[in-house]
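Engineer: predicted model follows, preceded by the sequence.
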Amino acid sequence: MDEITQAPTRIVGGSASRLDAAAKVTGQARYADDLSFPGMLYVKVIRSDRPHARVTALDLSRVEAHPQVVCVVTPGDIPGENVVPIIYRDMPLLAEGRVRYVGEPLALLAARTPEAAEEAARLARVTYEDLPAVLDPLEAIREGAPQVAVPQAAEAGNIFNHMVIRKGDVGQGFSQADVVVEGEYRVGYQEHAYLEPQGVIAVPEEGGMAIYGTLQCPYYVQNAVAAVLGLPLSKVRVVQTATGGGFGGKEDVPSQLAALAAVVAAKSGRPTKLVYDRAEDIISTSKRHPGVIRYRTGAKRDGTLVAVEVEFYYNAGAYQTLSSAVLWRGLVHAPGPYRIPNVKVDAYSVATNTVPCGAFRGFGSPQVIFAHESQMDELANRLGMDPLELRKKNALREGDETATGQRLTESVGLLAAIERARELSDWENLRREAEEFNRRERFRRRGVGVSTVMYGVGMGAKAPLLDKAGAYVKLEADGSVTVAVGNTEMGQGAITVLGQIAAEALGVRLSDVQLAPVDTSRVPDSGPTVASRTTTVAGAAVLDAASQLRARVEAAAREFFGSQRVEIADGKVWPKDRPRDAKPLSEVARWMWAHNWDLGATGWAQGAPVDWDPKTGQGNAYFVYAYACHIAEVEVDLLTGETHVTRFWAVHDSGKIVNPALARGQVAGGIAQGIGYALMEELRSEDGRIVAPSFTGYHIPTAMDVPGQYVIEFVEAPYSGGPYGAKGLGEVPLMAAHAAVANALSRATGGRLREYPAIPERVLGLVRGER
Amino acid sequence: MRKTGPARIVRPRDLSEAVRLVAEGGRPLAGGTDLFVRLRREVEDPPFLVYLGELPELQGIELREDGAVVGAAVTHAKLLRSEVAERLPILRLALSTIGAPAIREMGTLAGNVANASPAGDGLIPLYLLEARVLLAGPQGERELPVEEFVLGPGKTALKEGEIIRSLFLPFPEGEPRSYFRKVGRRRALLIAVASLGGLVWLQDGVVEQARLALGSVAPTVLRPREVEQELVGKPLDPQVLAPLAEKLSQLVQPITDLRASASYRREVAGKLLLDLAVSLAG
């Protein structure tokens, strides 16, 4: 693919408008809750209201007696397995005899109206015998703690997984260190706050089941529904509806919703809709793992890192769901984007009696990034070094070895990103300005903070079996083009970017390209839409299909024109030596159709090989990495502890940027989400119950809370394995943003933030010098 | 849990019908920005709602020599666009922090008063201006100072069948400087963790007269009159005012809830006085 990487492009690299813009702006896009089917029933989940209990009686007689209730489902009604299969199979679809968290599904009902379904659900009488509950991961691993984890799914007690990195000898490393910094960092939940809550509709059809829903991973859903219905995969069809945001929250959770709706549809024989309102969504669906993270970092006097030791615990919730994968990404990303000869990491995911946590943009990395980037700043303070210089000094370069022993052979744009961020922000001057501001102002302080991150693109060595993608590209007889992939548009711009790749490769206009609706019975499996992999992996599959098809179109055009060489661009075809004879591609397509040419092509791509030794945590963890450097300026009010991010600079290396406008949107959104994570987002629980599950209680940033001035740029270090040199971007902006904000805030207060979120009360503590 | 059945909404023709319907147990509805949240949370379950939002008698803003009469159905946004907001900077400062634009287009200032939340941003300027609340009820009309109208969190002096007809906002004499600051973890769509409003008359660099109103730190918006008195004759210098800030902290009776602890609210209530000093001194 090297040639393609270097070739000039027409459409790839241009800021085309989103292909879905008109439908979304005009309200034509149909979301799950917009759909209705004849005879459709409304499903309501009867949930546990105890964190840990034996269910001694489940009396649904009054529910069944409700005049509007058509169907009630208990575990005995599940035709297949009572399981939500994700990575493990420990989570039942409906709890049987024992509940492990508040909100766990116990039974289902379907009624003729949503109001009746609500009303009927309250008529359920559940008798519990409470069991001791454990809500904190550090308590859950103590001897004698109540057993939460299903034993078959846990390595030991409540430890779902313990994963390690062992590189060099940290004991020796620290003995060589001139300076050692140490800290414990804590983070709580982060809620996805996607615009559209979870929702699915299950529709029985021809001996099988169709699922319509807001989701990221249609093939996960297909698998889960087939399991609970005891159906072959071919009898389950999953159709993605317009999806109002995912951020990882619609990676595994839609499998649960779809399976719940499907068992009711199977029993009642009628279409069933299950759509959560915001409160039910917040209470019962995945979030970012809370964690306790302990770091020790050692460096030489000149700032050279010699050793890092990390131990961290993530609160997984009651069932495994995606926690093992989340933990693994956290593990690999814990050392940060630095050259460190001696590394020891111990990562634990722990079962507690709380709602299962799952995927959220960054997937286990933001927690450890908060810690490693705080450590870098603490180190810079101790060494009296410029924090940006310290990062630059230790930044991974091409040819370096990562903490997992992976040799980086290409596409390492970290130094370029740091350099560009320094230039754009006028770093030295920026820091000076903050100092001047602080001398001038009585009750306000400004601080400037930096963060650098790396991100392993794709599933990595934890799940290489998922890093593959199929694509189908079809030239229609009129010259328009249909592209089919199993990856989903959830607002991130995937269909536009994939369309651009197809248009570029085929030589058509983007307006000629249409992405097929995602329906598992009609589009190739291109793996889950997660891990910032779609542009890189599915994009490569689209490129493969489009390149094959282009070769065929060129062959046909040579025949059509009777010419040895032909050119195709912008939807026109011409003999190379006779550009005046150019014809619209539609004429050639019509001719191909009329002469029985095959107009469709199937493409395939898979990630470059990865490998992993779980005993040492050494191996080629990911096929390539993306990098970023963020700089934030934060203002703190010393009287109230209120904060505001005043200016921001973000520079990313995600290889070739296919659509700069969409990429900038990804980065701007990530900055906002990172500000929320660092400064305001907090979901409180009491006795295992999430209190105030609403956007009145859970604060996400508004348009007033993002910086008035921000600069976003890309340094492109092309990747030979990606289409046109592209790597992944989606998750990286959030990962970098919060840490830059946290460092800027710490600098402004003169304290050191060790716990998110930095709500005014906590900031005032930092100002006072409390730890 | 969400509200399951839609509440019945009745639309009276005129004020007297509205009063009669409210006397029958109907719950007055204007912008609904607070009421609908309560209905949804099932905090209350009225038999029916009486929609006052378009009642002719409750519309309009009337400018008089000594103040403005604001109809009970006038929205925050309408007030912000009116001449009253120009005449009363304190009103503009406070109302422009309420919710977000969509909420300000729906919610009414009189509704803010009826809701009687100690966090009601609209109440702060009314306490500072010493506004009066004009009520209409089965026994006719009566008028109360806003401080006597609001009795506690969600509690008002409204008698059975009474509704707010209008608010009277007196124009303060002279040229006071206006201050409003609301504290919380974000800059919009925020229920104040603590707030302070002030009208300060300065003469030769020292305070001639001051009115202060604190939000979210007591069961109702609080006028700390002792501190107001002690401000008189002092310069707006944070160092000089530090003991008064301390005193202000001691005066308040905050609670701990999800948004903040009582001790934080107490501390910030006092410190806002220092912010007022710095902001108004210029």
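Structural biologist: All right, it came through fine.
Engineer: let's check: the centremost residue of the chain is which one?
Structural biologist: Since you didn't name a chain, this refers to chain A. Nearest residue to the geometric centre of chain A (CA atoms, centre = their mean): A:Arg361, 3.2 Å.
Engineer: hm, I was asking about chain B
Structural biologist: B:Leu123 (1.2 Å).
Engineer: before we move on, the earlier item: any idea how far the residue nearest to the centre of chain A is from chain B?
Structural biologist: Separation of A:Arg361 from chain B (CB to the nearest CB, to the nearest Å) stands at 20 Å. Every residue, glycine included, has its C-beta placed from N, CA and C.
Engineer: are we agreed that that residue is in a strand?
Structural biologist: No - looking at A:Arg361 with DSSP: H, G, I helix; E, B strand; the rest coil, it is coil, so not inside a strand.
Engineer: in stretch A:23-40, what's buried?
Structural biologist: Of all the residues in stretch A:23-40, those buried under the rule 16 or more other CB atoms under 10 Å in any protein chain shown are A:Ala29, A:Tyr31, A:Ala32, A:Asp33, A:Leu35, A:Phe37, A:Met40.
Engineer: sketch out the low-pLDDT regions of the stretch 101-250 of chain B for me.
Structural biologist: Applying pLDDT under 70 to the stretch 101-250 of chain B flags no residue at all.
Engineer: which parts of it are strands?
Structural biologist: B:132-137, B:140-145, B:150-152, B:155-156, B:163-170, B:177-183, B:194-203, B:206-215 (DSSP state E, counting those that start in this stretch).
Engineer: quick one: closest of those strands to A:Gln240.
Structural biologist: strand B:177-183 (42.2 Å; CB to CB).
Engineer: partner strands of that closest one, parallel or antiparallel?
Structural biologist: Paired strands of strand B:177-183, with direction, are strand B:194-203 (antiparallel) (DSSP bridges).
Engineer: for chain B, state which of the buried residues of stretch A:23-40 is nearest.
Structural biologist: A:Asp33 (13.9 Å; CB to the nearest CB).
Engineer: surely the closest one touches A:Tyr276?
Structural biologist: No - at 9.9 Å, A:Asp33 does not count as touching A:Tyr276 under the criterion of CB atoms under 8 Å.
Engineer: if I look at these two, which residues touch both of them?
Structural biologist: Common contacts of A:Asp33 and A:Tyr276, defined by CB atoms under 8 Å, 6 or more residues apart in numbering or on different chains, comprise A:Gly199.
Engineer: near chain B, which residues of chain A show up?
Structural biologist: Within chain A, the positions adjacent to chain B are A:115, A:118-119, A:122, A:277, A:279, A:442-443, A:637, A:639-642, A:644, A:679-680, A:684, A:691-692, A:695-697, A:699, A:701-705, A:757, A:759-761, A:764 by CB under 8 Å from any CB of the partner chain.
Engineer: give me the buried subset of the residues you listed.
Structural biologist: A:115, A:118-119, A:277, A:279, A:443, A:637, A:639-642, A:644, A:679-680, A:692, A:697, A:699, A:701-702, A:705, A:757, A:759-761, A:764.
Engineer: what residues of the helix or strand containing B:Arg20 count as buried?
Structural biologist: Under the criterion of DSSP states H and E, B:Arg20 resides in helix B:15-23. Buried positions in helix B:15-23, judged by neighbour count with 16+ other CB under 10 Å: B:Leu15, B:Ala18, B:Val19, B:Leu21, B:Val22, B:Ala23.
Engineer: tell me the mean pLDDT for the helix or strand sitting right after that helix along the chain?
Structural biologist: Next in sequence after helix B:15-23, counting helices and strands by DSSP H and E, comes strand B:27-29. Mean pLDDT, taken over the full extent of strand B:27-29, equals 96.
Engineer: what do you get for stretch A:469-487?
Structural biologist: 98.
Engineer: distance from it to the middle of the chain?
Structural biologist: 26 Å (CA atoms, centre = their mean, to the nearest Å).
Engineer: okay, now the nearest residue to B:Phe171 once chain neighbours are set aside: neighbour count?
Structural biologist: Excluding the flanking residues, the one nearest B:Phe171 by CB to CB, 6 or more residues apart in numbering or on different chains is B:Gly67, at 5.1 Å. Using other CB atoms under 10 Å in any protein chain shown, B:Gly67 has 21 neighbouring residues.
Engineer: how about the contacts made by B:Gly67?
Structural biologist: B:Leu129, B:Phe168, B:Leu169, B:Pro170, B:Phe171.
Engineer: what's the answer for B:Val150, then?
Structural biologist: Applying CB under 8 Å, 6+ apart, the residues near B:Val150 are B:Val113, B:Ala116, B:Leu123, B:Thr156, B:Ala157, B:Thr220, B:Val221.
Engineer: and with 7 Å instead?
Structural biologist: Residues in contact with B:Val150 (CB atoms under 7 Å, 6 or more residues apart in numbering or on different chains) are B:Ala116, B:Leu123, B:Thr156, B:Thr220.
Engineer: thinking again about what came up before, relative to strand B:140-145, how tilted is the helix holding B:Arg20?
Structural biologist: 80 degrees (axes from the mean of the first three to the mean of the last three CA atoms, to 10 degrees).
Engineer: shouldn't the residue nearest to the centre of chain B be in contact with B:Val221?
Structural biologist: Yes - taking CB atoms under 7 Å as the definition, B:Leu123 is a contact partner of B:Val221 at 4.7 Å.
Engineer: residues that sit against both of these two, list them.
Structural biologist: B:Gly215.
Engineer: residues of chain B that sit close to chain A?
Structural biologist: Residues of chain B that fall close to chain A, judged by CB under 7 Å from any CB of the partner chain: B:2, B:4-5, B:100, B:183, B:185-189, B:238, B:258, B:260-261, B:264, B:268, B:271-272, B:274-275, B:278.
Engineer: returning to that earlier point: give me the contact list for the helix holding B:Arg20.
Structural biologist: Residues contacting helix B:15-23 (CB under 7 Å, 6+ apart): B:10, B:12, B:28, B:50, B:52, B:55, B:57, B:136-138, B:160-161, B:163.
Engineer: now swap in stretch A:81-100 and tell me
Structural biologist: By CB under 7 Å, 6+ apart, the list of residues contacting stretch A:81-100 reads A:48, A:50, A:52-55, A:74-75, A:78, A:104-107, A:148, A:150, A:152-153, A:223-224, A:227-228, A:252, A:255-256, A:259-260, A:263, A:318-322, A:324-325, A:353.
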